[in-house]
Every structure is written in structure tokens, then in C-alpha cells.
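[1] Provide a 3D model corresponding to the input given below.
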Amino acid sequence: MLQAAAFLIVVGGTVGAVMVQNSGQVFLLGIRMGKWVVLPPEFTPRRIIQDVVRWSQAARREGLLSLDRHIAGATGPLARKGLQLVVDGAEPEKIREVLEVEIFTFQEHYRQGARIWEAAGGYSPTIGILGAVLGLIHVMENLTDPSRLGGGIAVAFVATIYGVGLANLVFLPIANKLKNLISRQALLQEILVDGLVAIANGEHPSITENRLFGYISEQPFGDARL
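    Numbers count the residues shown, from 1 in each chain. Have a look, this model is predicted:
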């Protein structure tokens, strides 16, 4: 089962096909995102809701301009931009419109990286079959020696095992997990945007808090630590 040539054909061919399909920047992004499988981004909806409620209470007591001192301490560029829009007096729907563009851009950027692994899962089985065919061609050179045919054919089909195995046990599971993690981060951003719009509308902090908790109360991937 350990065949260096078959492994190089499958992995090298798959990487080459993926690199042809995508730019180098997107390819490197996908490789860097691979670490999310073992070190996923933090999913802390409760912390975001607590921040929004704190900002809402400050705005209710001291006015929207008081949020200016909270901008520097906000976590993430989306929160800082949203708070700045609130302080500047932008209309609630305009705030939502601007921040939704940011969310869309975030999702599209990281989904390109996840599609690297998805593409690898599509190419890998085909490259494995090509490796098997190449191995069989090599076997044909030894038809005059029947004692070598069985081992040669077995080696040839190892490439197919590598291709199918890597696709279904590595590449596609990684792609699906990355897409799930991206969706979780997008949910955090949606919670933040909804909260900022509620502040701009002058909504009571307790009402805002109850609505935002609706985003996570039934989520199967909720913050299990709390």
C-alpha cells in the first residue's frame, strides 16, 4: 500500500490541477485555512451580544455620540466600522446595507479558499485513475514474465485507492468543515449588524438582547462552554 510513485502522481497531479484553476493568492489562502480543521476560529456569540448590550446601554444613557469612546476597544474591523457609522448618525438601513456588503465580501473571500479543497476532492479520484492506467501500461511491458504481473497490477491500483481515499477522507471533509466554519463566522457578523442597527433605531437594550439570543438558542453549534 505504500507506493511513493503512486502518491506523487495523485498528490502532484491534484495540486497542479488546483493551481491551474486558481490564482496563487487563492491557493495559498486555502492552504492557510487548512489549519482551521484543528484550530478553528473562535465562535463567541454570547460575547458579541454582551458587547452590543453594553453599547446599547451606553447609548441610551448618554446618547449615540458616547459610543465614540468604544470604537477603539471594539473587537474586529466590522464592529469598529459599524460603531463609527452609528456615531456619525447614519440611517439604520444604510448601516445594515454597508455592513452586509462587508459580510458578503468576507464570505466570498474565505469560500474561495474552501473551494481549493473542494476542487482537490474532485480532481483526486480522476488523477488516481490516470495513475492506475499509467501503472498498467508499465505492467504491459512485462507480459513475457507472468510472475511479475500480479504484483505490478496491484501496485497500479494503489493509485486509485490514493485518489479516492484522499478525496473522500481528506479533501472533501476539510472543504465541508471550512464552509461550516465560515458560516459560523458569518452568523457572528449578522448578530453584530442586527445589534448595531437596533442601537441606531433606539431600541431598548433588553429587547435587543432577547432578539439577538434568538440567533443562538437553537443552534447545534452554540457556545458549549457557557
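[2] Residue 176 sits in which helix or strand?
    Element membership for residue 176, per DSSP states H and E: helix 172-200.
[3] Mind giving me the packing neighbours of the very next helix or strand once past that helix?
    As assigned by DSSP H and E, the chain's next helix or strand after helix 172-200 is helix 205-213. Packing partners of helix 205-213 (3 or more C-beta pairs under 8 Å, 6 or more residues apart in numbering; DSSP states H and E): helix 45-62, helix 172-200. The way it works is simple: take the backbone N, C-alpha and C, and place the C-beta from them, glycine included.
[4] Next, the buried residues of the helix holding residue 176.
    Across helix 172-200, burial judged by 16 or more other C-beta atoms under 10 Å covers 172, 174-175, 178-179, 181-182, 184-200.
[5] And it, how far out from the chain middle?
    From the chain centre to the centre of helix 172-200 is a distance of 10 Å (C-alpha atoms, centre = their mean, to the nearest Å).
[6] Which residues outside the worst-scoring helix or strand of the chain on mean pLDDT are in contact with it?
    None of the helices or strands of the chain scores lower by mean pLDDT, DSSP states H and E than helix 149-166, at a mean of 81. Here helix 149-166 makes contact (C-beta atoms under 8 Å, 6 or more residues apart in numbering) with 1, 3, 6-7, 9-11, 14, 120, 124-136, 138-139, 142-143.
[7] What of stretch 101-120?
    With C-beta under 8 Å, 6+ apart, stretch 101-120 has contacts from 14-15, 17-18, 21-22, 26-27, 29-34, 78, 81, 166-167, 171-172, 174-175, 178-179, 182, 185-186, 189-190, 193.
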